[in-house]
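Asker: take a look and give me a structure for this.
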Amino acid sequence: MTTYEEIFRSSVDDREGFWLRAAEGIDWHVAPTRALDESTPPFYRWFPDGELNVAHNALDRHVDAGHGERTALVYDSPVTGSRRTYTYAQLRDEVALFAGVLREQGVGHGDRVVVYMPMVPEAAIAMLACARLGAVHSVVFGGFAAKELAVRIDDAGPKVVVSASCGIEGTRVIEYKPLLDRAIALSERKPDSTVILQREQATASLGPTDVDWADALAHATPADPVPVRATDPLYVLYTSGTTGKPKGVVRDSGGYAVALNWSMPNIYDVGAGETIFTASDVGWVVGHSYIVYAPLLAGATTVLYEGKPVGTPDAGQFWRVVQDNDVKSVFTAPTAFRAIKKEDPRGEFLGQYDVSSLRYLFLAGERLDPETHRWASELLDIPVIDHWWQTETGWPIAANPAGIELLEIKPGSPTRPMPGWDIQVLDERGRPAEPGVDGAIVAGLPLPPGAFPTLWNDDERYVSSYMSAFEGYYLTGDGGHLDADGYVFVMGRTDDVINVAGHRLSTGGMEEVLASHPDVAECAVIGVADTMKGQIPRGFVVLKSGVDSDAEGYEDTLRAELVQMVRDQIGAVASLKDVAIVPALPKTRSGKILRKTMRGIADGAEEPVPSTIDDPSVLDTLRPVLRRE
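Answerer: Sure thing, here's the model as predicted:
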């Protein structure tokens, strides 16, 4: 099979055979004899009779095959001015030793460990050490508020928390230990101990239940990999922005390893000895899948970057990382490229570096507007590949499979469904929508390997939140359409569809128009309550650096141009007459614009500041604009 169509069709027509063949790319302690257990839908289980260890597959098997000197992980930290390189043998040894530390703290198969770490190699080491023991890790984004961390500690019930004395956000040093201490004080289910990595930027005072990382490592005995069932959980990852009881997405061991191992050469075109730079954070699903697990499963080199796309110190850092590490594929969020475009609209920093190794730019995490796609494509002159997936799915739902064949790129679309993903668009009655007509994007059950089998200790919520809206389908929560060629167009979350005087309109479509203006770096459109029309759209735009916004009459002229553009391209029915020019948009740390929060504030609600927000001051500045104060 050499084409996308042949491979995708095989995954549909011979699901069992397709995934058992994919499973042959993994080392098994007990090889599976069947791919899928579908006896209790919607709770499907992959490779139910298989046993393996994911950390062994990520590290030991490469060393055992004679590739121990191959580079596994590069730590690149412009915020500390440091760089470290680990070979597969070195990383295996570090992971085995830290697994020994956790074992000394009583951690074993099935126990939970919360990892509350900055972007340092020790974060990946802690995750892999848990996997080595058959323990379940739950990574919480470093610097999360104490209350949110406490909620996650209570839900996961960890035996140990692994943390660091501090993290670095841009130019700020954030001390983690006081946040962790406060979280443990607030939590009902106290961990037995905490392991603390001391960093020179700020050291922490240790108490009686605290263990110093370096001291413990110096006295540790390495731990061997513990085989677990393929259906055993590898990790729990809480979805961002949750209130009350969080949703803990469960990731199984076998299905995840098989899916990620398949995805690296086929989607990202990165194989053994090649380098991928995923600019994300280990606190997010992208960091789990494509900083830590997938590259190492594939025997590739992964770059773990502690910094920002701009400001640490400039908008050329991604290009420097590509040059310094001979990077083949870069994977980041569209917001990172919008930040680079805002600071360096002509791409002048790119000329300072040799990026000839770079073959692909992959973008995901939020909708990729066609203007950002165009800018990045023209700047780099390589394929810029939009792809779509979620915390729940673990790996791409739709993508352009660069390692199989590059399909036609249609700006605004993440291309075609990947193997195992039966993507449909349904109307409000559950009927298939016509090509080009927006509806709810769903995936037919069973979901392929790697997708979440349930929520942590909450099967009922798994069914009610995801599996009940349309029988036999997973509700993605995203809206959009399929075109006549089967391309997926994701227009945004379904709650970003607004109803203007009876007309259902996608805010994503309006954002696409606003973003095409040459002066606009990024934008957001939200629907706000209106007594006459039900909802009306309001637009917010951030200008590119170098735009002379102080020129007389500029803002009025720009607003008029933007309103007219939407009228011309979407129609008068869109009713977009209100566009505000703002210095920045509020975002999560992973780059998603906080549209729901903006909408609530504009409608007069007392919206809490989300725990995932990157810079609360941005929301403070925007609040009076949203409320028209």
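Asker: contacting residues for the residue lying closest to residue 589 once chain neighbours are set aside?
Answerer: Computed as C-beta to C-beta, 6 or more residues apart in numbering, the closest residue to residue 589 that is not its neighbour in sequence is residue 614, at 4.8 Å. C-beta coordinates here come from the backbone N, C-alpha and C atoms, glycine included. When contacts are counted by C-beta atoms under 8 Å, 6 or more residues apart in numbering, residue 614 touches 586, 587, 588, 589.
Asker: against residue 199, how distant is residue 614?
Answerer: 21 Å (C-beta to C-beta, to the nearest Å).
Asker: and what of residue 402?
Answerer: Taking C-beta to C-beta as the measure, residue 402 falls 37 Å from residue 199.
Asker: for residue 180, same thing?
Answerer: Distance from residue 180 to residue 199, by C-beta to C-beta: 14 Å.
Asker: out of those two, which sits in the busier spot?
Answerer: More crowded of residue 180 and residue 199, by other C-beta atoms under 10 Å: residue 180, with 27 against 21.
Asker: that's a helix at that one, yeah?
Answerer: Yes - Residue 180: assigned to a helix according to DSSP: H, G, I helix; E, B strand; the rest coil.
Asker: which residue, neighbours along the chain excluded, lies closest to it?
Answerer: residue 163 is the one closest to residue 180 (C-beta to C-beta, 6+ apart), at 5.1 Å.
Asker: and the pLDDT for the one you found?
Answerer: Note for residue 163: predicted pLDDT of 98.
Asker: likewise residue 519?
Answerer: Reported pLDDT for residue 519: 93.
Asker: tell me the pLDDT of the residue lying closest to it once chain neighbours are set aside.
Answerer: Take residue 519 and drop its neighbours on the chain: the residue closest to it by C-beta to C-beta, 6+ apart is residue 547, 4.9 Å away. With respect to pLDDT, residue 547 scores 89.
Asker: hmm, back to that, can you pick the most crowded of the contacts of residue 614?
Answerer: Of all those, the highest neighbour tally under other C-beta under 10 Å goes to residue 586, namely 28 neighbours.
Asker: quick one: contacts for that one?
Answerer: Counting by C-beta under 8 Å, 6+ apart, residue 586 touches 593, 594, 597, 598, 613, 614, 615, 618, 619, 622.
Asker: just checking, residue 201 touches residue 168?
Answerer: Yes - assessed by C-beta atoms under 8 Å, residue 201 is found in contact with residue 168 at 6.3 Å.
Asker: which neighbours do these two have in common?
Answerer: Joint contacts of residue 201 and residue 168 (C-beta under 8 Å, 6+ apart) are residue 80.
Asker: who has more neighbours out of the two?
Answerer: Ranked by neighbour count (other C-beta under 10 Å), residue 201 and residue 168 place residue 168 first, with 23 against 16.
Asker: how much space separates residue 97 from residue 387?
Answerer: 36 Å.
Asker: now residue 322
Answerer: Applying C-beta to C-beta, the value for residue 322 to residue 387 is 19 Å.
Asker: go on, residue 4?
Answerer: 13 Å.
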